[in-house]
Structure formats: C-alpha cells, structure tokens
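J.: quick check, what structure comes out for this input:
(one chain, ligands or ions: 1)
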Amino acid sequence: MPRVFKAIEIEKEEKEIKRDYLDRHMPHVICPDEVKRGEKFAVKVKLGDEYPHPDDHDHYISLIQLWNRETLLAEARYTAGVYGTLPSHVEIDFYIVAPDVSMNLSAMSVCTKHGLWQSEDRAVKVI
Ligand SMILES: [Fe+2]
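T.: Down below sits the predicted model:
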C-alpha cells in the first residue's frame with residue numbers, strides 16, 4: 001500500500017520546511033459551497049497554489065481523481081509532456097450533477113516520482 005500524503009495530516013512545521021515540495025503536489029478542490037439538486041456544476045481540481053510541478057519525461061503528474069466520500073466520481077490520466085515539458089499547475093474541470101444529498105468532495109493526484117496525494121475535504125451542500 002503506498003503512503004498517501006494528506007493535507008490534514010501534515011504538521012505545521014513540516015508545511016513550512018517543505019513548503020514548495022508540498023505545495024506543488026497538493027490537489028485543491030474548487031467548487032461552489034452550495035449547488036441545486038439535479039443541476040450540473042463544475043468542480044475544478046488544481047495542483048499547487050504557488051509552486052508549479054515539473055512536466056519531465058520521468059517526473060510528471062499522471063493521474064487526478066475526484067471522489068465523493070468513498071465513491072470515485074471521475075478521473076483523468078496524463079502523459080509526460082502534456083504541459084509542454086514546462087513546470088505547470090496541473091488542473092482539470094470535472095462537470096457533475098448534484099445528487100439528492102450533500103457531498104464531501106476530495107481529490108487524489110499521483111506524481112510519478114513522489115507518490116499519492118490527497119486534498120482536504122470540500123463540503124458541498126445540495127439544496
Ligand atoms: Fe513530483
């Protein structure tokens with residue numbers, strides 16, 4: 001079982017020391033706080049706030065997944081060079097339809113060199 005780097009489990013001191021390393025790998029779920037039942041809405045998953053991730057042939061982001069609690073909703077796979085072999089903030093918009101109950105979204109990403117990363121949970125109220 002691979003180690004999963006989780007946003008909620010990283011200590012404050014570690015966050016400061018490894019700030020660039022952590023930032024460039026950490027996925028963020030960006031979406032409305034509240035959505036209407038049955039309506040389609042966008043969920044953006046973006047890696048890193050400040051530091052872009054490399055896009056080298058042996059070091060790149062290969063997978064992004066969107067989860068609602070324990071259910072995998074969607075995923076996107078990448079090959080090396082998609083971002084022109086330049087460091088970049090990998091991002092993708094998933095479009096999903098709001099179910100009957102509120103959601104707790106999270107994202108996972110895989111770096112070919114630095115493993116599996118899990119975002120913070122993002123609560124989305126369905127009205
Ligand atoms: Fe990496």
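
J.: all helices of this structure, in order?
T.: Applying DSSP state H to the chain gives helices spanning 12-17, 19-25.

J.: residues touching Arg77, list them.
T.: For Arg77, the contacting residues are 62-63, by Cβ atoms under 8 Å, 6 or more residues apart in numbering. In this view, the C-beta of every residue, glycine as well, is placed from N, C-alpha and C.

J.: for Ala42, same thing?
T.: 31, 93-95.

J.: how about Met108?
T.: Met108 touches 4, 27, 63-65, 67, 116-119, counting by Cβ under 8 Å, 6+ apart.

J.: could you rerun that using 6 Å?
T.: Neighbour list for Met108: 65, 118 [criterion: Cβ atoms under 6 Å, 6 or more residues apart in numbering].

J.: what bridges to the residue nearest to His28 when sequence neighbours are not counted?
T.: With Cβ to Cβ, 6 or more residues apart in numbering as the criterion, His28 has its nearest non-adjacent residue at 5.3 Å, and that residue is Lys46. Judged by DSSP bridges, the bridge partners of Lys46 are His28, Glu91.

J.: how deep is Lys46 tucked in, by neighbour count?
T.: 19 (other Cβ atoms under 10 Å).
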